[in-house]
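Visitor: how would this look folded up:
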Amino acid sequence: MRRTKERPEVNAGSMADIAFLLLIFFLVTAVIPKDQGIYRKLPNECPPGEDCTSPIPERNILKIAINSKNEIMVDEDIVTLSEVKDLAKAFIDNNGDGSCAYCNGGKTATSSDNPSKAVISLQSDRNSKYNQFIEVQDELTKAYYELRESYCKTVLKKTVDKLNEAELQELKDAYPFIISEAETR
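Guide: I've put the predicted structure just below:
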């Protein structure tokens, strides 16, 4: 008697269906990361025929630089990340010319005249880490937020979340968020 060894066959017809269902499952359950960035409103374009390059007095510019070693320098002094917010607040709220009735600054001769004239120049070396740049931006945002929050409590006698559109615009005018990433000359 002769026996043939038959091998059992696997029905592969449903394998395509299973692969398709697995593909759909992973597409539906996978998390697609959102791109993150910094929300900033860019300045309006300069109208044709107008000179939009007005000189800014040196005392109204706070120069912050991140070097290739990721060290933060504020006006040529190396500082820590935790110091950036307080230095920015002191610079912005200085009231050097005495024209700001709501400012609480020290009126030093080396800091800004008024919050509306204060410009923060932020520059980074091409070899500095992006994360360091973002952390410095966050500290500057915190400085403006705290100044605006203080303005709400003392001048407007409200919390930020209770402001109407006109009060919100007044708040932004009192402490305009002016950060420049252009090189200073």
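Visitor: which parts of the protein are helices?
Guide: When secondary structure is read from DSSP state H, the chain shows helices at 15-29, 81-92, 130-151, 165-174.
Visitor: okay, these, which one's buried deepest?
Guide: Compared across those, helix 81-92 shows the largest average neighbour count, a mean of 19 (mean count of other CB atoms under 10 Å). To be clear about C-beta, it is placed using only N, CA and C from the backbone, and glycine gets the same treatment.
Visitor: could I get the helices of the chain as CSV with distance to E50 and mean pLDDT?
Guide: Rendered in CSV, the data for those read as follows (distance: least, CB to CB, whole Å; pLDDT from 0 to 100):
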stretch, distance to E50, mean pLDDT
helix 15-29, 52, 87
helix 81-92, 27, 91
helix 130-151, 28, 91
helix 165-174, 22, 89
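Visitor: quick one: the ones you listed as CSV, columns for distance to T110 too.
Guide: Listed next are the helices of the chain as CSV, based on distance: least, CB to CB, whole Å:
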stretch, distance to T110
helix 15-29, 57
helix 81-92, 9
helix 130-151, 17
helix 165-174, 22
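Visitor: Y39: which of those is closest?
Guide: Smallest distance to Y39 across those (CB to CB): 9.7 Å, for helix 130-151.
Visitor: give the other helices and strands that the closest one contacts.
Guide: Helices and strands touching helix 130-151, as assessed by 3 or more CB pairs under 8 Å, 6 or more residues apart in numbering; DSSP states H and E, comprise strand 61-66, helix 81-92, strand 119-124, helix 165-174.
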